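Visitor: Build me a model:
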Amino acid sequence: MRLLVSLMLAAMVSACTDPSADQALGTVERDRIVLKATASEIIVEQPVPEGTLVAAGTLLVQLDNTRQTAMVARAKAEVSRAAAQLEELRNGARPEEIAAASARVNGARAALVEAQASHARTVSMVRQKLAAQAQLDRAQAGRDEAEANLESAQEDLLRLTNGTRKEQLDASAAALQAAQAQLALEQHLLAELSVVATRDAYLDSLPWNVGERVNAGATLAIMLAGDKPYARVYVPEPWRARLHVGDRYPIHIDGIAEALSGQLRWIATEPAFTPYYALNASDRSRLVYLAEFDLDDAGSLPSGVPAQVLLGDD
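Guide: Model (predicted):
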């Protein structure tokens with residue numbers, strides 16, 4: 001038992017004196033921006049080569065936009081048609097249409113006068129037994145038809161002179177808004193076929209070549225953004241409880257003699273690999289937590305360079 005206790009104490013002392021326990025090892029990284037295809041089209045242009053520093057808005061990949069350009073033209077035509085219909089309803093009937101409707105009313109009125117006169121003559125002839133009852137029925141039907149035609153012509157004239165109903169104007173205005181919204185959507189889809197840099201960044205990779213057809217969701221460009229890189233390191237478990245966002249520590253970068261200053265911006269709440277509650281005391285000391293430290297004055301550092309955060313020199 002004494003031997004076992006002595007071995008455990010020796011292991012704890014060794015862990016405490018191990019210099020690596022006061023270091024968080026990792027690499028210099030930058031924010032990785034992935035630009036993906038929004039449609040299945042052929043790549044027709046890649047004007048910027050890999051390894052270039054690009055400004056926000058620079059065209060990186062151009063997809064074939066023939067299909068989408070036609071969709072935009074169609075949407076524009078729909079907007080024009082809806083706008084013309086709304087304008088027609090607002091202007092109301094033309095003078096020529098009103099005059100034609102008025103003429104139809106006059107014609108229907110004249111036809112009714114004739115039908116009424118014919119009906120009256122037929123009634124007189126039937127009373128004198130000079131005409132059959134069937135002839136009277138035809139005359140009466142002709143009179144009723146003439147009355148209905150006059151009423152219909154008058155209603156048409158009234159509709160033209162009263163103008164368009166508010167409900168019709170509202171429906172036409174809503175149709176125009178729907179067409180305009182569809183046009184905006186089609187124009188947005190067209191713009192997305194031109195893949196541009198969303199930030200000032202370093203163009204790291206173009207996974208596809210000109211002439212290849214990509215599927216929707218395929219990665220078209222990968223950028224490493226930011227003039228302020230950060231160190232992504234793994235913090236030993238004994239230091240996890242002592243670190244807080246905003247703490248500053250010296251950071252050594254391979255190839256640079258002097259240490260840089262870095263500020264902790266994020267640290268994981270869960271350890272890497274095995275959960276801590278499944279380990280014994282000695283195993284937990286080997287757990288690490290992923291963390292990120294912002295670096296001061298390190299804009300020219302390349303990504304991927306090894307970095308060491310000196311936790312014991314806070």
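
Visitor: which helices and strands does the longest helix along the chain pack with?
Guide: Taking DSSP state H as the criterion, the chain has its longest helix at helix 95-127. Here helix 95-127 touches helix 133-162, going by 3 or more C-beta pairs under 8 Å, 6 or more residues apart in numbering; DSSP states H and E. Every C-beta, even on glycine, is put in place using the N, C-alpha and C of the backbone.

Visitor: quick one, phi/psi of the residue nearest to residue 267 when sequence neighbours are not counted?
Guide: When the adjacent residues along the chain are set aside, residue 267 lies closest to residue 291, with 4.0 Å between them (C-beta to C-beta, 6 or more residues apart in numbering). Backbone torsions for residue 291, taken as degrees, to the nearest 10, come to phi -140, psi 160.

Visitor: Quick check: residue 291 touching residue 263?
Guide: No - the criterion here is C-beta atoms under 8 Å, and residue 291 misses it with residue 263 at 11.2 Å.

Visitor: Between those two, point out the one with more neighbours.
Guide: Counted by other C-beta atoms under 10 Å, residue 291 and residue 263 do not tie: residue 291 has more neighbours, with 23 against 16.

Visitor: Return the distance of residue 188 relative to residue 71.
Guide: 11 Å (C-beta to C-beta, to the nearest Å).

Visitor: And the longest helix of the chain, what's buried?
Guide: Residues 101-102, 104-105, 108, 111-112, 115, 118-119, 122, 126 are the ones in helix 95-127 that count as buried (16 or more other C-beta atoms under 10 Å).

Visitor: Now render those as CSV, adding pLDDT and distance to residue 80.
Guide: Formatted as CSV, the buried residues of helix 95-127 follow (pLDDT from 0 to 100; distance: C-beta to C-beta, whole Å):
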residue, pLDDT, distance to residue 80
101, 78, 29
102, 82, 33
104, 88, 33
105, 80, 35
108, 86, 38
111, 88, 42
112, 84, 44
115, 87, 48
118, 86, 53
119, 83, 53
122, 84, 57
126, 76, 63
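
Visitor: Please render these as a markdown table that adds distance to residue 312 to the earlier fields.
Guide: Shown next, in a markdown table, are the buried residues of helix 95-127 (distance: C-beta to C-beta, whole Å):
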| residue | distance to residue 312 |
| --- | --- |
| 101 | 97 |
| 102 | 101 |
| 104 | 102 |
| 105 | 103 |
| 108 | 106 |
| 111 | 111 |
| 112 | 111 |
| 115 | 114 |
| 118 | 120 |
| 119 | 118 |
| 122 | 123 |
| 126 | 127 |
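
Visitor: Can you tell me which of the residues you listed comes closest to residue 166?
Guide: residue 101 (21.8 Å; C-beta to C-beta).

Visitor: check contacts around the closest residue to that closest one other than its chain neighbours.
Guide: Leaving out its chain neighbours, the residue that sits closest to residue 101 by C-beta to C-beta, 6+ apart is residue 157, at 4.2 Å. Counting by C-beta atoms under 8 Å, 6 or more residues apart in numbering, residue 157 makes contact with 98, 101-102, 104-105.

Visitor: neighbouring contacts of stretch 100-113?
Guide: In contact with stretch 100-113 (C-beta under 8 Å, 6+ apart) are residues 93, 143, 146-147, 149-150, 152-154, 156-157, 160.

Visitor: hey, C-alpha coordinates of that stretch in PDB?
Guide: This file holds the C-alpha atoms of stretch 100-113, laid out as PDB (Å, rounded to 0.1, in the frame of the first residue of the first chain):
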ATOM      1  CA  ALA A 100     -70.900  51.700 -79.000                       C
ATOM      2  CA  ALA A 101     -72.700  50.700 -75.900                       C
ATOM      3  CA  SER A 102     -75.000  53.700 -76.100                       C
ATOM      4  CA  ALA A 103     -75.800  52.800 -79.700                       C
ATOM      5  CA  ARG A 104     -76.600  49.200 -78.700                       C
ATOM      6  CA  VAL A 105     -79.100  50.600 -76.100                       C
ATOM      7  CA  ASN A 106     -80.800  52.700 -78.800                       C
ATOM      8  CA  GLY A 107     -81.000  49.700 -81.100                       C
ATOM      9  CA  ALA A 108     -82.400  47.600 -78.400                       C
ATOM     10  CA  ARG A 109     -85.000  50.300 -77.500                       C
ATOM     11  CA  ALA A 110     -86.100  50.600 -81.200                       C
ATOM     12  CA  ALA A 111     -86.400  46.800 -81.400                       C
ATOM     13  CA  LEU A 112     -88.600  46.800 -78.300                       C
ATOM     14  CA  VAL A 113     -90.900  49.500 -79.800                       C
END
